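# okay, here's the prediction I keep looking at, along with the sequence it came from:
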Amino acid sequence: MGLGNAGLPLAAVIADHGIQVVGVDIDRRRCDLINSGKNPIPQEVGLDELISRYGGKGLVATTEYRDAVSCNVFIVIVPLFIDKNHNPDFRTLESAFRSLGSVLKRGDLVVLETTVPPGTTEGLALRWIEESSELKLGQFYLAHSPERIMTGCSISRLREFPKVIGGVDERSGIVAYDVYRRFIPNLRLVSSARVAEMIKVMEGCYRDVNIALANELFKISNELGIDFHEAREHANHEYCHIHMPSTGVGGHCIPVYPWFLINEMVRRERAEDAVMLRTARELNDGMIRYWMDRIMDGCMRIDKPLVDIRICIHGITYRPGVRELHHSRNLALAKLLKSRGLKVGAYDETLSKEEVLKTGLEWMDPEDADVVFNSFELSLTIRHPRDAPA
Ligand SMILES: NC(=O)C1=CN([C@@H]2O[C@H](COP(=O)(O)OP(=O)(O)OC[C@H]3O[C@@H](n4cnc5c(N)ncnc54)[C@H](O)[C@@H]3O)[C@@H](O)[C@H]2O)C=CC1
Ligand SMILES: CC(=O)N[C@@H]1[C@@H](OP(=O)(O)OP(=O)(O)OC[C@H]2O[C@@H](n3ccc(=O)[nH]c3=O)[C@H](O)[C@@H]2O)O[C@H](C(=O)O)[C@@H](O)[C@@H]1O
């Protein structure tokens, strides 16, 4: 259920193990493409070959849940959206679970792969299935196995990276493990769905907190006149891994998962027990103000009225090599500068001029700018500064 960036590579890998797959997705165009052997995610390495081999044959895409009625295993990987208060909006998941509940039979297995707050599978997912299927747990099995892929290298991740799975009860865990080990070579059974959910959320928190640390150390190094990158290179060894500084943490995943835990602790009136997660979130999101100040300092070195200075943000996707703008801090930085009345444009090797214009920013060739901020390299180029050596 869900043939998106995460679901389609998984469906293709399962089909590649000789298992007949029915993929359900509400997007008819996507289903048609897949059935005609065309890969809707061309940037996903290795997926072209699998879709051309299995699309419409070993992997049949459909918009109808009833076409999956003969299936015995149902894997749900539809998105979980987040509202402006960072609370999950479960509507898409609920709709998928209720639809699959209507075709579920005795003995079937349901696995949720979407990243969710710990407790969701045994709580909401179980309730939705029981209400829509008239079956009780025990007559069907339910587990969670978080998706750990990374866009661009999903196929190799599914084939090599360790994957975890845990049931809402002991029997569900064992049944799910036995099914998944047929197509996931590096699989670990954990004690519960709740633990499996927490594993994924923890990874996101680890990354967010460590990037916040790198960003803070970067700012301090800069203030002290120390080359952060040289220090980092020699600080990193088996027991120390300092991440890379940045304009903040973007994408669909890492900036969201810490909120699952922060908000839960607020609800339990234990906000003080999630203080590091909150600080890291705020620190990373605040990096765009730090970079705005650095860029403004650069502008001050140019003999032109501030409003005439052309500033180019080079790189606006949320990370290099991914054509995705979701929660991009690079894009947020450009918009922040624009909101200050500055002449800001953007350039990105992975986006066309039209795609840049759609963001509401001007398209600007870095060669035509007075100030260029390369947001991936964190380098600032000032053209013709007044203080340049003669
Ligand atoms: N894309 C990634 O790199 C990763 C994603 N994930 C998890 O996977 C989840 C899904 O992410 P993506 O696949 O990237 O999203 P996506 O937006 O690429 O794809 C979601 C697909 O679900 C379909 N869909 C929506 N409602 C549906 C319904 N009721 N029934 C059937 N299909 C439905 C959409 O049409 C779309 O094709 C995320 O929320 C996240 O938890 C986890 C790790 C990495
Ligand atoms: C390294 C890795 O595998 N991370 C995955 C992550 O994918 P995502 O595309 O969000 O990439 P990411 O490398 O974690 O980057 C997230 C953000 O963090 C920033 N970033 C990343 C590393 C770093 O040292 N410093 C830094 O500032 C990036 O620029 C980006 O804005 O999120 C996915 C998810 O959780 O869904 C997850 O499956 C993946 O594990």
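Received the coordinates, thanks. Numbering: from 1, shown residues only. Ligands and ions are numbered 1, 2, ... in the order given.

# the residue of the chain found nearest ligand 1 and residue 219, how far apart?
Relative to ligand 1, the nearest point of the chain is residue 4 (1.6 Å; Cβ to the nearest ligand atom). All C-beta atoms are positioned from the backbone trio N, CA, C, and that covers glycine. Counting by Cβ to Cβ, to the nearest Å, the gap between residue 4 and residue 219 amounts to 36 Å.

# ok, now residue 100?
48 Å.

# quick check: closest non-adjacent residue to residue 88.
By the measure of Cβ to Cβ, 6 or more residues apart in numbering, the closest residue to residue 88 outside its immediate chain neighbours is residue 80, 5.3 Å from it.

# got a pLDDT number for the one you found?
pLDDT for residue 80: 95.

# my guess is it contacts residue 87. True?
No: taking contacts as Cβ atoms under 8 Å, residue 80 lies outside contact range of residue 87: 10.6 Å.

# hmm, back to that, between residue 100 and residue 219, which has more neighbouring residues?
residue 100 (23 against 16; other Cβ atoms under 10 Å).

# list the residues that contact that one.
1, 65, 68, 74, 76, 110, 129, 132 (Cβ atoms under 8 Å, 6 or more residues apart in numbering).

# now residue 90
Counting by Cβ under 8 Å, 6+ apart, residue 90 makes contact with 80, 120, 124.

# so among those, which ones count as buried?
Buried members of the contacts of residue 90, scored by 16 or more other Cβ atoms under 10 Å, are 80, 120, 124.

# which among those gets closest to residue 383?
Among the buried ones among the contacts of residue 90, residue 80 lies closest to residue 383 (Cβ to Cβ), at 44.6 Å.

# confidence score at residue 390?
You'll see residue 390 listed with a pLDDT of 66.

# scratch that, residue 322
Note for residue 322: predicted pLDDT of 85.

# quick one: contacts for it?
Residue 322 touches 151-152, 251, 350, counting by Cβ under 8 Å, 6+ apart.

# pick out the most distant pair among those residues.
The widest separation within the contacts of residue 322 (Cβ to Cβ) is 14.4 Å, between 251 and 350.

# so the two - more neighbours on which side?
Ranked by neighbour count (other Cβ under 10 Å), residue 251 and residue 350 place residue 251 first, with 19 against 14.

# if I look at the more buried one, how far off is residue 259?
Taking Cβ to Cβ, one finds residue 251 at 14 Å from residue 259.

# please point out which parts of stretch 190-201 sit buried.
Buried-residue list, stretch 190-201, by 16+ other Cβ under 10 Å: 190, 192-194, 196-201.

# stretch 371-389 too?
371-376, 378, 382, 385.

# also stretch 286-293?
Buried, per 16+ other Cβ under 10 Å, within stretch 286-293: 287-288, 290-292.

# out of these, which are inside helices?
287-288, 290-292 (DSSP state H).

# now do the strands in this protein.
21-24, 59-62, 73-76, 81-82, 88-89, 109-112, 141-144, 163-167, 187-189, 310-314, 343-347, 362-363, 371-374, 379-382 (DSSP state E).

# where does residue 160 land on pLDDT?
Residue 160 is given a pLDDT of 87.

# how about the residues of the chain by ligand 1?
1-7, 24-27, 30, 77-80, 92, 95-96, 114-115, 147, 149, 151, 253 (Cβ under 6 Å from any ligand atom).

# kindly recompute the last result at 5 Å.
1-2, 4-6, 25-27, 78-80, 92, 95-96, 114-115, 147, 151 (Cβ under 5 Å from any ligand atom).

# need the buried ones from the residues you listed selected in PyMOL.
Provided next is the PyMOL selection string for whichever of those are buried by 16+ other Cβ under 10 Å:
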select buried, resi 1+2+5+6+25+26+78+79+80+92+96+114+115+147+151
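
# burial measure for residue 223, as a count.
Other residues close to residue 223 by other Cβ under 10 Å number 8.

# and if you look at the one 4 residues further on?
Counted with other Cβ under 10 Å, residues neighbouring residue 227 total 10.

# same check on the one 10 residues further on?
By the measure other Cβ under 10 Å, the count of residues near residue 237 is 7.

# got the confidence number for it?
At residue 237, pLDDT is 97.

# mind giving me TSV with the ones in helices among the buried residues of stretch 286-293 and columns for pLDDT and distance to residue 168?
TSV is the format used below for those (pLDDT from 0 to 100; distance: Cβ to Cβ, whole Å):
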residue	pLDDT	distance to residue 168
287	98	39
288	98	41
290	98	44
291	98	45
292	98	47
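
# closest one of the contacts of residue 90 to ligand 2?
For the contacts of residue 90, the nearest to ligand 2 is residue 80 (10.7 Å; Cβ to the nearest ligand atom).
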